[in-house]
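Enquirer: Here is a sequence together with a model predicted from it:
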Amino acid sequence: MKMRIGGGRANACLFGGLSFCAGLVLAQSDGAFAHGAAPKKIEEKIEIAAKPDVVWGIIKDFAKISTWNPAVVSSVAASDPDQGQERILTLKSGGKITDAQTDYEAKTMTYSYRRVDDDVKVFPVSFYSATITVTPTATGSEVDWIGRFYRGDTSNEPPPGLDDPDAIKAMTDFFDTGLKNLKTLAEKK
């Protein structure tokens, strides 16, 4: 019986010993064996001419994002024994998303959350997590919103609408819409 093991490199690996084989694997780790989606990150910031406590007062209630982000028609507080504090968002574009809060620090004016559901038809992003933070500046406040996520379809060849550009656009638009309206609301107070 004749057995072929992927050509010269594999044969060299078999006969060159374990350390030689490990070197070949590392040499091939330039993406040749990679598949699926790579994680993405966006960071949106905005300067607001209002004191940090004013800005924080608007965003601090995790479940009330609909009061300051026009991309959200309604937001309802929920609780799950496994997930903890949640919010169920009804989006202006249609559909619902459920987020679970993962961290909350009133003293440093920051909280983090992650998506619990993954209905990519509603929002073309999967496995996202985000952190929003308010910090003081010389002229008021800065709000920093960071999101980490994968595209809606994490396979090698995602269909249009579920690819990296669509995921990045969806997250960026959601953050931008919220931050711009937050600025307007805070500067009126």
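Expert: Right, received. Where do you want to start?

Enquirer: secondary structure class for Leu185?
Expert: State at Leu185, reduced to three classes by DSSP: H, G, I helix; E, B strand; the rest coil: helix.

Enquirer: what's around it, how many residues?
Expert: When neighbours are defined as other Cβ atoms under 10 Å, Leu185 has 17 of them. Using the backbone N, CA and C atoms, a C-beta is placed for each residue, glycine as well.

Enquirer: just the helices in the protein please.
Expert: Here the chain has its helices, by DSSP state H, at 8-16, 18-27, 52-59, 164-188.

Enquirer: give the contact list for Val134.
Expert: Pro52, Val55, Trp56, Ile59, Met109, Thr110, Ser141, Glu142, Val143 (Cβ atoms under 8 Å, 6 or more residues apart in numbering).

Enquirer: do Thr108 as well
Expert: Applying Cβ under 8 Å, 6+ apart, we find Thr108 in contact with Thr133.

Enquirer: Could you measure from it over to Thr133?
Expert: As judged by Cβ to Cβ, to the nearest Å, Thr108 and Thr133 stand 7 Å apart.

Enquirer: For the spatially closest residue to Asp103 that is not a sequence neighbour, list each beta-bridge partner.
Expert: Once flanking residues are discounted, Asp103 sits nearest to Ser112: 4.1 Å by Cβ to Cβ, 6 or more residues apart in numbering. According to DSSP bridges, the residues that bridge with Ser112 are Asp103, Thr131.

Enquirer: Next one: Ser112 from Ile146, what distance?
Expert: Counting by Cβ to Cβ, the gap from Ser112 to Ile146 is 9 Å.

Enquirer: which stretches of the protein have low pLDDT?
Expert: Filtered on pLDDT under 70, the chain yields the residue ranges 1-35.

Enquirer: swap the cut-off to 80 and go again
Expert: Within the chain, the stretches with pLDDT under 80 are 1-36, 82-83.

Enquirer: Once you drop chain neighbours, what's closest to Tyr111?
Expert: Closest residue to Tyr111 apart from its sequence neighbours, by Cβ to Cβ, 6+ apart: Tyr104 at 4.5 Å.

Enquirer: I'd guessed that neighbour sits against Phe62; true?
Expert: Yes: Tyr104 is in contact with Phe62 according to Cβ atoms under 8 Å; the separation is 7.2 Å.

Enquirer: surely Leu162 meets Pro124?
Expert: Yes: in this structure, Leu162 is within contact of Pro124 by Cβ under 8 Å, at 5.2 Å.
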